[in-house]
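In: sharing a sequence plus its predicted fold:
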Amino acid sequence: MTMRHSGIGMTSARTRQRMIDRLRDQGIVDEAVLAAMYEVPRHLFVDEALASRAYDDVSLPINYEQTISQPYIVARMIEVLRASTTRPIKKVLEIGTGCGYQAAVLAHVFPEVYSMERIEPLYQRAKSKLHDLAINNVKLSYADGSAGLPDAALFDGIIMAAAAPVMLAALREQLAVGGRMVLPVGRQEQWLYLVEREAQGFRESRLEPVKFVPLLMGKA
Ligand code: SAH
């Protein structure tokens with residue numbers, strides 16, 4: 001059957017609905033996140049040859065040794081960001097644009113999104129992809145995101161798509177009071193952390209084991 005490999009049907013509403021059902025099974029409950037992930041055409045963010053696997057619960061290569069994160073982790077991180085009880089989360093910074101998929105989901109959920117990428121061709125591709133999809137509330141920067149984006153700070157939320165070996169202190173200073181940051185930390189063994197900015201100081205919680213590409217320094 002050549003049809004199976006042509007991608008026809010793989011990108012249908014039913015395929016996307018299956019991904020949403022699976023996310024629910026995995027414990028995602030935030031309806032706004034589920035609706036956004038139903039809307040964003042994930043298959044358009046990967047190479048055509050991989051389109052038939054775009055809605056599987058896996059990370060996939062996007063070249064330059066980088067990956068598009070698996071749907072579960074995208075959903076989980078955004079759900080954790082949104083779960084603030086103290087401050088409405090509106091203005092969000094993502095570090096590690098990659099192919100731009102998570103930025104597109106963020107743009108459906110939050111009014112104002114900033115995203116940074118250190119690899120120029122990925123930045124360029126994400127930029128044209130978001131433009132093609134008429135997503136215009138994301139400001140992309142081609143820059144090393146490890147120091148955050150001081151010019152646009154403070155943020156209600158910060159989300160990191162690459163793992164720093166240790167918690168980066170500079171970044172959390174760019175959180176508004178009541179804001180929150182979701183990030184993977186570690187080398188071989190990595191954990192997802194939530195950092196909440198309180199009136200005085202920060203509260204850190206360790207959430208679950210994860211596997212991310214490393215945060216790298218400088219531009220490429
Ligand atoms: N958000 C993406 C995931 C991309 S993978 C998605 O939707 O699937 C992580 C990305 O972080 C890679 O593209 C990598 O180049 C980028 N990255 C790593 N270190 C970085 C840094 N210091 N600044 C900005 N981007 C970085």
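Out: It's in. Numbers count the residues shown, from 1 in each chain.
In: mean confidence score for stretch 108-117?
Out: In this model, stretch 108-117 has a mean pLDDT of 98.
In: identify the residues contacting it?
Out: 32-33, 35-36, 39-40, 78, 82, 89-98, 100, 103, 106-107, 123, 126, 137-145, 149, 152, 155, 157 (Cβ atoms under 8 Å, 6 or more residues apart in numbering). Backbone N, C-alpha and C define where each C-beta goes, glycine included.
In: among the residues you listed, which lie within helices?
Out: Within these, residues falling in helices by DSSP state H are Ala32, Val33, Ala35, Ala36, Glu39, Ile78, Arg82, Ala103, Leu106, Ala107, Tyr123, Ala126.
In: re the thing from before, just the buried ones from the contacts of stretch 108-117, in PyMOL syntax?
Out: Filtering these down to the buried ones (16 or more other Cβ atoms under 10 Å) takes a single PyMOL command:
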select buried, resi 33+36+40+78+82+89+91+92+93+94+95+96+97+98+100+103+106+107+123+126+138+140+141+142+143+144+145+149+155+157
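In: among the contacts of stretch 108-117, which are within reach of the ligand?
Out: Ile95, Gly96, Thr97, Gly98, Asp144, Gly145 (Cβ under 6 Å from any ligand atom).
In: wait, which of these is closest to Gly179?
Out: The closest of those to Gly179 turns out to be Ile95 (Cβ to Cβ; 14.7 Å).
In: that closest one - nearest residue in space that isn't next to it in sequence?
Out: Residue nearest to Ile95 in three dimensions, not counting chain neighbours: Gly145, with 3.6 Å by Cβ to Cβ, 6 or more residues apart in numbering.
In: just Glu189 next, same as before
Out: Pro209 (7.2 Å).
In: mind listing what's buried in the strand or helix carrying that neighbour?
Out: Here Pro209, judged by DSSP states H and E, is contained in strand 202-210. Within strand 202-210, the residues that qualify as buried are Val210, counting by 16+ other Cβ under 10 Å.
In: next: stretch 130-138.
Out: Buried residues in stretch 130-138 (16+ other Cβ under 10 Å): Leu130, Leu133, Ile135, Val138.
In: with pLDDT as extra columns, can I get the ones next to the ligand among the contacts of stretch 108-117 in TSV?
Out: Listed next are those as TSV, based on pLDDT from 0 to 100:
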residue	pLDDT
Ile95	98
Gly96	98
Thr97	98
Gly98	98
Asp144	97
Gly145	97
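In: what is the most widely separated pair among these?
Out: Gly98 and Asp144 (14.7 Å).
In: flag every buried residue along stretch 210-220.
Out: Val210, Phe212, Val213, Leu215, Leu216.
In: ok, and which of the residues you listed reach the ligand?
Out: Among those, the ligand is touched by Val213, Leu215, Leu216 when using Cβ under 6 Å from any ligand atom.
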